[in-house]
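# I would like the atomic coordinates for the input below:
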Amino acid sequence: MNRPTGVTIIAILSFLGAGLLVLFGCALLFGGAIIATLGMSMPSAMVGAGVAIAAVFFFGLAALDVVTGIGLLNMRNWARIISIVLVGLGLLFAALGLLSGLLHFRIFLMFREAIVAAIDLWVLTYLFKPDIKQAFGATGF
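Numbers count the residues shown, from 1 in each chain. Below is the predicted model of the structure:
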């Protein structure tokens, strides 16, 4: 069976997300290096180390996104399941961001989080469609 177009789109979104995570991790490393270099006290060094740890976390997430994207392109069911978990977490955080935007009445934040939530909902419903599950060879989840 050929790969459905939606799966290719989701894989591309995964690669784009990985690229953004790498850029964000690099920005954190750069900012943390500046903080650690400019400050000569112990707290600034601790902040620099904390930022470096956060950057490594983002690089790890980027690697997971790349592996998942490759798995989706190769129609691996484990990649579909990892995508469902990651998108589910993304939907949860988008909902929290939407609530935060509503509480503080930040229009741009609400708009952005609504778009993210809509994309996440589409991906979740798409990956649970019976014909998509069958294309991945899934028998259960």
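# Please point out which parts of the helix ranked longest in the chain sit buried.
Determined from DSSP state H, the single longest helix within the chain is helix 5-38. Applying a neighbour-count criterion of 16 or more other CB atoms under 10 Å, one finds 7, 10-11, 13-15, 17-18, 21-22, 24-25, 28-29, 32, 35-36 buried in helix 5-38. The C-beta positions use only the backbone N, C-alpha and C, and glycine is treated the same way.
# same question, stretch 110-119
Neighbour-count burial for stretch 110-119 flags 110, 113, 116, 117, 119 (criterion: 16+ other CB under 10 Å).
# do the same with stretch 79-88
Judged by neighbour count (16+ other CB under 10 Å), stretch 79-88 contains these buried residues: 79, 80, 81, 82, 83, 86, 87.
# Repeat that for stretch 46-57.
Along stretch 46-57, these residues count as buried under the neighbour rule (16+ other CB under 10 Å): 47, 48, 51, 52, 55.
# low-scoring stretches of the protein, by residue?
For the chain, residues meeting the criterion pLDDT under 70 lie at 1, 39-42, 44-45, 140-141.
# Let me see the domain layout of the protein.
The chain breaks down into these domains under automatic domain parsing: 1-75, 76-134.
# Residue 71 is in contact with residue 86, isn't it?
No. Assessed by CB atoms under 8 Å, residue 71 is found out of contact with residue 86, at 12.0 Å.
# What distance do you get for residue 16 to residue 79?
Residue 16 sits at a distance of 16 Å from residue 79 (criterion: CB to CB, to the nearest Å).
# Perfect, that will be all.
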